[in-house]
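# here are the coordinates; sequence isn't available:
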């Protein structure tokens with residue numbers, strides 16, 4: 001082994017099950033002379049990569065390792081979401097959309113196409129109003145009350161169809177219902193004869209970082225099929241949330 005390999009091999013001895021080791025144990029594990037192991041441990045200690053465990057003759061990984069770990073680039077929301085979105089599209093056959101907030105509009109961040117020929121069209125980067133459609137209402141529902149009210153005050157409440165909510169009071173009632181049940185539904189609110197289901201991807205504070213939604217012709221999301229799809233969308237959004245939160249605490 002060259003010098004670099006020895007340093008790397010010493011560091012990789014420390015695992016969740018073996019968080020502390022003495023120099024003789026390190027020497028034995030790597031079949032090194034104890035004097036050589038002491039020399040390398042001393043150099044790693046000086047660099048802050050390992051440190052002495054108080055009250056013992058052992059060593060553990062040092063604070064510098066944590067600094068380096070925090071510098072490792074985290075996956076973006078889209079990178080974390082794409083595999084789960086693909087699975088959801090495969091299970092349902094419908095288009096899956098990931099949306100975020102941009103000012104007082106929603107924006108399509110990512111999409112995965114379903115296998116049906118007849119489908120609702122969406123494109124990445126497209127913006128949409130927040131008062132109509134499952135994605136927009138989810139993003140609104142999980143904002144702080146003051147921020148939500150400020151956005152509602154700025155909404156033009158364009159009427160896209162007979163089911164579009166155009167009354168601020170009724171919208172607030174719908175948003176409260178969405179928070180209670182954990183998902184949003186849209187029955188042709190933006191495009192007639194289409195049905196949307198959306199669920200929040202949440203931060204640790206409970207704010208919606210994004211919305212995961214499915215959109216399809218209404219006749220394909222009726223009865224038991226709708227109930228099953230709601231469960232699938234909510235579960236998928238929860239999985240993305242868990243992966244994001246796990247990444248945050250690492």
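Ah, there it is. Remember, predicted model here, so these are calculated numbers, not experimental data.

# residues of stretch 21-41 that come out buried?
Residues of stretch 21-41 classed as buried: 21, 23, 25-27, 30, 32, 37, 40-41 (neighbour count, 16 or more other C-beta atoms under 10 Å). Yep, even glycine has a C-beta here, placed from its N, CA and C like the rest.

# same check, this time on stretch 76-95
Of the residues in stretch 76-95, 77, 80-82, 84-85, 88-89, 92, 94-95 count as buried by neighbour count, 16+ other C-beta under 10 Å.

# what are the ranges of the helices in this structure?
For the chain, applying DSSP state H gives helices covering 3-11, 23-30, 34-46, 63-70, 77-92, 134-141, 145-154, 168-181, 223-249.

# Going by mean pLDDT, which of those comes out lowest?
Mean pLDDT is lowest for helix 63-70 out of the helices of the chain, coming in at a mean of 76.

# can you give me how far it is from the chain middle?
Offset of helix 63-70 from its chain centre (C-alpha atoms, centre = their mean, to the nearest Å): 23 Å.

# Specify the angle between it and helix 3-11 in degrees.
If you take axes from the mean of the first three to the mean of the last three C-alpha atoms, to 10 degrees, helix 63-70 sits at 90 degrees to helix 3-11.

# Can you give the contact residues for helix 63-70?
The contact list for helix 63-70, computed with C-beta atoms under 8 Å, 6 or more residues apart in numbering, reads 11, 47-51, 250.

# hmm, back to that, please work out which of the helices of the chain is packed deepest.
helix 134-141 (a mean of 28; mean count of other C-beta atoms under 10 Å).

# contacts for that one?
By C-beta under 8 Å, 6+ apart, the surrounding residues in contact with helix 134-141 are 97, 99-101, 106, 128-131, 148, 151-152, 171, 174-176, 178-179, 183-186, 196-200, 208, 210-211, 213, 215.

# which among the residues you listed end up buried?
Among the contacts of helix 134-141, those buried by neighbour count (16+ other C-beta under 10 Å) are 97, 99-101, 106, 128-131, 148, 151-152, 171, 174-175, 178, 183-186, 196-200, 208, 210-211, 213, 215.

# coming back round to it: any chance of TSV for the buried residues of stretch 21-41, columns distance to residue 242?
Formatted as TSV, those follow (distance: C-beta to C-beta, whole Å):
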residue	distance to residue 242
21	33
23	40
25	36
26	36
27	41
30	37
32	42
37	41
40	39
41	38
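
# closest to residue 191 among those residues?
Residue 191 lies nearest to residue 21 out of the buried residues of stretch 21-41, by C-beta to C-beta, at 62.7 Å.

# Pop the domain breakdown of this structure in here.
Using automatic domain parsing, the domain parsing of the chain gives 3-70, 77-249.

# per-residue pLDDT, the residue lying closest to residue 142 once chain neighbours are set aside?
Leaving aside its sequence neighbours, residue 142 sits nearest to residue 208 (C-beta to C-beta, 6 or more residues apart in numbering; 3.5 Å). Residue 208 is assigned 89 on the pLDDT scale.

# where's residue 208 relative to residue 128, distance?
As judged by C-beta to C-beta, to the nearest Å, residue 208 and residue 128 stand 15 Å apart.

# Over to residue 136?
6 Å.

# Need the residues touching each of those two.
In contact with both residue 136 and residue 128: 99, 106, using C-beta under 8 Å, 6+ apart.

# gap between residue 226 and residue 140?
22 Å.

# closest to residue 161 out of the helices of the chain?
In terms of C-beta to C-beta, the element of the helices of the chain nearest to residue 161 is helix 134-141, at 14.1 Å.

# Tell me what residue 99 is bridged to.
On the basis of DSSP bridges, residue 99 is bridged to residue 108, residue 211.

# Verify the stated contact: the residue nearest to residue 142 with residue 143.
Yes: using C-beta atoms under 8 Å, residue 208 is in contact with residue 143, at 7.0 Å.

# All set, thanks.
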